[in-house]
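S.K.: Take a look and give me a structure for this.
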Amino acid sequence: MSAATDTAPTTAPIALSDRQSPEHQRLANAIRALSMDAVEKAKSGHPGMPMGMADVATVLWSKHLKFDPTAPDWADRDRFVLSAGHGSMLLYSLLHLTGYADMTMAEIERFRQLGAKTAGHPEFGHAAGIETTTGPLGQGLANAVGMALAERMLAARYGESVVDHHTYVIAGDGCLMEGISHEAISLAGHLKLGKLIVLFDDNSISIDGPTNLAVGDDQVARFKACGWNAVAIDGHDPAAIDAALAQAKASDRPTMIACKTTIGYGAPTKAGTAGSHGAPLGAAEIEAARKRLGWTSPPFQIPTDILAQWRAFGGAGASKRAAWERRLGKLEPAQRAEFRRVMDGKLPKGWVEACAAFKEKLSADKPAIATRVASQNALDVLTVAVPELVGGSADLTGSNNTKTKAQGVVKPGNFAGSYIHYGVREHGMAAAMNGIALHGGLIPYGGTFFVFTDYCRPSIRLSALMNQRVIYVMTHDSIGLGEDGPTHQPVEHLAAMRAMPNVWTIRPADAVETLEAWQVAIARADGPSVLCLTRQNLPTQRTTYIAENAVAKGGYVLAEAEGGDRQATLVATGSEVAIAMDARKLLAAEGIRAAVVSMPCTQAFDRQTAKYRKEVLGPSRCPRIVVEAGLEFGWERYIDGKGAFVGMTGFGASAPAPDLYRHFGITAEAVAAAAKKLV
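M.R.: Residues are numbered from 1 along each chain as shown. Just a heads-up that it's a prediction; the model follows:
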């Protein structure tokens, strides 16, 4: 809401707008009816926002949005993001009315029920036309920044004849209160993403009541300060909505349109109040709303003429798509094939061979380097072999080692590069990367310090929930970062990332494993990967080239026991693999036969067969000692009550890394001593 309209709502009967034609009213009322009826049947949901934004949505979808329900994945469609995901019935109603085949009336009637496509909040993959999963407020807005950025970057690569579309967002007061919104709008304004248009549902109501209980921001001024166009309009005036959208589409800057609306529009006593925000209106209120709106159809029935008009809006996109197909056909054959490849998410020919050649060189050269440096070396190969890789960092490029020789920088007005300076906006970066991945055509990766996964976590969770190929490059992964101290030393973060479903947390031990980790992350099309990389140098462990990607198995025997059957298994990750290898030597000197298992990714290891896992971890009689510069949580299932853990039990400290490892007892001597007690 804007300061000028910060007034407490009234419970008096609302006056319906006299600026609307009867035709527009009936089209918008179809959305209102479906929304209030679905929420009522489910006895759960948020009817107020769909009812309040129905006029805006009707104008957008009937006059401006470029889409084709018969080809929902059309590459050059406009993207529509419902950032205020609690108002999901607005989107479901639009998808049904415009003719998306899988959004049937039966699905509308099953709103919020087990197995329905009409989940409480929109979920990507549940139904065609749902561009992203929203509900955590502000995430959709930040995703849209990534989508708009991807559109500009792909247009720079393939031309505006085939990439030329807008990204539209409906956001609410809650979206703009969330801190991520500032990161998102600041980045979008800086980059001048002119094809991004945000429609702010300025209804002055939150769950607790009037928004002036908690906020008095002038949102128009705020967006202008971030480099946006921003205007305020009557959100129930179709002509004003139409004019504002037309003006926004002609701008070279992103635009925010503050649409002053009445939440629960049409409900006689609950409109304009928190009572219509997050609960069913109730049978009596709905009956009265029907009378007030002049809607005579029974629940879940749309008059034939109204449905026909909506379906015509949906059908209008077919000719636009056909024209686009003709333009695509005029591209040079190689460029056309490349465009189709990247939009289909298929990896290029030759990239695996490029990795194999580089891995063979690494095994021969045996570099002793930090895995963050090894990551940059791998990226030097990969950003050429896989040109759709687009990188970035949250103002830590030199520390994360995320930029390669082949990458130009994305700048305002120049989107031909493939490296993005996100600034100190970790959360916004992660959400934007989700948007880039969802848009299609590019594979995003971005870097910060591993401890700052705390700032990225909600977006990482959504990467996993949406099965998106997003790669998080997290450096400075332990107390090994040294002097920056406990504020920057992650100890609980490995356990936290491993606990999140569908996130592969990969902590490589050397340059060879780092390259393999990148291969795994790029090849993994159904979820995100978090690469945990060191600041300190590590020796190469894999000095003999093998073609197989050992990291892909999650864990493997790096060094088997020598001279007889295994007596102990030392399990380690990342920088502690070198410690385990040294401990193996100490044990061997005392006649104890130990094997070392490198376990870069527990999630991948857990997917292997029981037979393979047993072969790697050794027989049950053989104690397992895990060493990792993190907390024990999660390792218990591998230790199996018969082993030991050598690692952290609390926060770190500020000191040089070698001193810290000795201080916290994470040494080869400590690992060897733990093994001797158990053998």
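S.K.: what sits against Pro72?
M.R.: 100, 128-129 (Cβ atoms under 8 Å, 6 or more residues apart in numbering). All C-beta spots, glycine's among them, are computed from the backbone N, C-alpha and C.
S.K.: Which ones among those residues lie within strands?
M.R.: Among those, DSSP state E puts none in strands.
S.K.: Relative to Thr544, which of those is nearest.
M.R.: Ala128 (49.4 Å; Cβ to Cβ).
S.K.: Neighbours of Arg610, how many?
M.R.: Not quite, residue 610 is Ala, not Arg. By other Cβ atoms under 10 Å, 7 other residues sit near Ala610.
S.K.: what does Pro458 give?
M.R.: 16.
S.K.: repeat for Asn549
M.R.: When counting by other Cβ under 10 Å, one arrives at 18 neighbours for Asn549.
S.K.: hang on, isn't it packed against Gln519?
M.R.: Yes - using Cβ atoms under 8 Å as the test, Asn549 is close enough to Gln519 to be in contact (5.8 Å).
S.K.: what residues are up against the closest residue in space to Leu465 that isn't next to it in sequence?
M.R.: Among residues not flanking Leu465 along the chain, Thr133 sits closest, at 5.8 Å (Cβ to Cβ, 6 or more residues apart in numbering). Applying Cβ under 8 Å, 6+ apart to Thr133 gives the contacts 85, 121-124, 139, 462, 465-466.
S.K.: and if we set it to 10 Å?
M.R.: 85, 119, 121-126, 139-140, 143, 434, 438, 461-463, 465-466, 468 (Cβ atoms under 10 Å, 6 or more residues apart in numbering).
S.K.: cool, and Pro501?
M.R.: Per Cβ under 10 Å, 6+ apart, neighbours of Pro501: 461, 464-465, 527, 603.
S.K.: go again using 7 Å as the cut-off
M.R.: Going by Cβ atoms under 7 Å, 6 or more residues apart in numbering, Pro501 touches Ala464.
S.K.: all helices for the stretch 551-679 of the chain, in order.
M.R.: Remark: helices assigned in the stretch 551-679 of the chain by DSSP state H, counting those that start in this stretch are 576-589, 602-606, 610-617, 636-639, 657-663, 668-678.
S.K.: Quick one: closest of those to Leu94.
M.R.: Among these, the nearest to Leu94 by Cβ to Cβ is helix 602-606 (37.3 Å).
S.K.: for the closest one, packing partners?
M.R.: When contacts are defined as 3 or more Cβ pairs under 7 Å, 6 or more residues apart in numbering; DSSP states H and E, helix 602-606 sits against strand 504-506.
S.K.: What's the mean pLDDT across the strand it packs on?
M.R.: Mean per-residue pLDDT for strand 504-506: 98.
S.K.: Given that strand, what are its sheet partners and their directions?
M.R.: The strands beside strand 504-506 in its sheet (DSSP bridges) come out as strand 529-533 (parallel).
S.K.: residues making contact with the partner strand?
M.R.: The contact list for strand 529-533, computed with Cβ under 7 Å, 6+ apart, reads 371-372, 375, 450, 471-475, 477, 494, 497, 503-507, 517, 520-521, 574.
S.K.: Next: stretch 299-319.
M.R.: With contacts defined as Cβ under 7 Å, 6+ apart, stretch 299-319 is touched by 26-27, 30, 37, 61-62, 66-70, 97-99, 105, 108-109, 297.
S.K.: Now, of those residues, which are buried?
M.R.: Applying 16 or more other Cβ atoms under 10 Å to these, the neighbour count classes 26-27, 30, 37, 61-62, 66-69, 97-99, 108-109 as buried.
S.K.: Out of the residues you listed, which comes closest to Gly350?
M.R.: For the buried ones among the contacts of stretch 299-319, the minimum distance to Gly350 (Cβ to Cβ) is 34.2 Å, reached by Asp68.
S.K.: Give me the nearest residue to the closest one, chain neighbours excluded.
M.R.: Nearest non-adjacent residue to Asp68, counting by Cβ to Cβ, 6+ apart: Gly317, 3.6 Å away.
S.K.: count of residues packed around that neighbour?
M.R.: Around Gly317 there are 22 residues (other Cβ under 10 Å).
S.K.: again, but for Tyr545
M.R.: When neighbours are defined as other Cβ under 10 Å, Tyr545 has 13 of them.
S.K.: where's the residue nearest to it when sequence neighbours are not counted, which helix or strand?
M.R.: Computed as Cβ to Cβ, 6+ apart, the closest residue to Tyr545 that is not its neighbour in sequence is Ser363, at 4.1 Å. Assessed by DSSP states H and E, Ser363 sits inside helix 351-365.
S.K.: Contacts for that helix next, please.
M.R.: With Cβ under 7 Å, 6+ apart as the test, helix 351-365 has contacts from 381, 385-386, 511-512, 515, 519, 540, 542-545, 547.
S.K.: switch the cut-off to 6 Å
M.R.: For helix 351-365, contacts defined as Cβ atoms under 6 Å, 6 or more residues apart in numbering pick out 381, 385-386, 511-512, 515, 519, 542-543, 545.
S.K.: Can you verify Tyr445 is assigned to a strand?
M.R.: Yes - with DSSP: H, G, I helix; E, B strand; the rest coil as the criterion, Tyr445 is located in a strand.
S.K.: Would you enumerate the residues in contact with it?
M.R.: Taking Cβ under 6 Å, 6+ apart, one finds 391, 471, 473 in contact with Tyr445.
S.K.: thinking again about what came up before, now, which of the buried ones among the contacts of stretch 299-319 sits nearest Ala322?
M.R.: Distances from Ala322 to the buried ones among the contacts of stretch 299-319, taken by Cβ to Cβ, are shortest for Asp68, at 9.1 Å.
S.K.: how close does that closest one get to Pro50?
M.R.: 23 Å (Cβ to Cβ, to the nearest Å).
S.K.: try Arg26
M.R.: Relative to Pro50, Arg26 is positioned 16 Å away (Cβ to Cβ).
S.K.: If you tally nearby residues, what's the number for Ile130?
M.R.: Neighbours of Ile130 under the rule other Cβ under 10 Å: 27.
S.K.: Thr118 is in contact with that one, correct?
M.R.: No - applying Cβ atoms under 6 Å, one finds Ile130 not in contact with Thr118, separated by 10.0 Å.
S.K.: does Ala230 count as helix, strand or coil?
M.R.: Strictly by three-state DSSP, Ala230 counts as strand.
S.K.: what's the answer for Ile257, then?
M.R.: Following three-state DSSP, Ile257 is assigned to strand.
S.K.: That one contacts Leu245, correct?
M.R.: No - counting by Cβ under 6 Å, Ile257 does not reach Leu245; the two are 7.3 Å apart.
S.K.: For Ala28, pull up the helix or strand it's in.
M.R.: Residue-wise, Ala28 maps onto helix 22-42 under DSSP H and E.
S.K.: For that helix, list every residue counted as buried.
M.R.: In helix 22-42, counting by 16+ other Cβ under 10 Å, buried: 24-42.
S.K.: which other helices and strands contact that helix?
M.R.: In this structure, helix 22-42 packs against helix 48-52, helix 54-63, helix 88-98, helix 283-293, with contacts taken as 3 or more Cβ pairs under 6 Å, 6 or more residues apart in numbering; DSSP states H and E.
S.K.: for the first one, the distance to its chain's centre please.
M.R.: When you say that, I think you mean helix 48-52. Relative to its parent chain, helix 48-52 has a centroid offset of 27 Å by Cα atoms, centre = their mean, to the nearest Å.
S.K.: Please apply the same query to stretch 353-366.
M.R.: 32 Å.
S.K.: Check stretch 196-209 too.
M.R.: Relative to the mean C-alpha coordinate of its chain, stretch 196-209 is positioned 23 Å out (Cα atoms, centre = their mean).
S.K.: tell me which residues in that stretch are buried?
M.R.: 196-206, 209.
S.K.: got those residues as TSV, with distance to His182 and secondary structure columns?
M.R.: Shown next, in TSV, are the buried residues of stretch 196-209 (distance: Cβ to Cβ, whole Å; DSSP: H, G, I helix; E, B strand; the rest coil):
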residue	distance to His182	secondary structure
Leu196	15	strand
Ile197	18	strand
Val198	13	strand
Leu199	18	strand
Phe200	14	strand
Asp201	18	strand
Asp202	18	strand
Asn203	21	coil
Ser204	20	coil
Ile205	22	strand
Ser206	18	strand
Gly209	24	strand
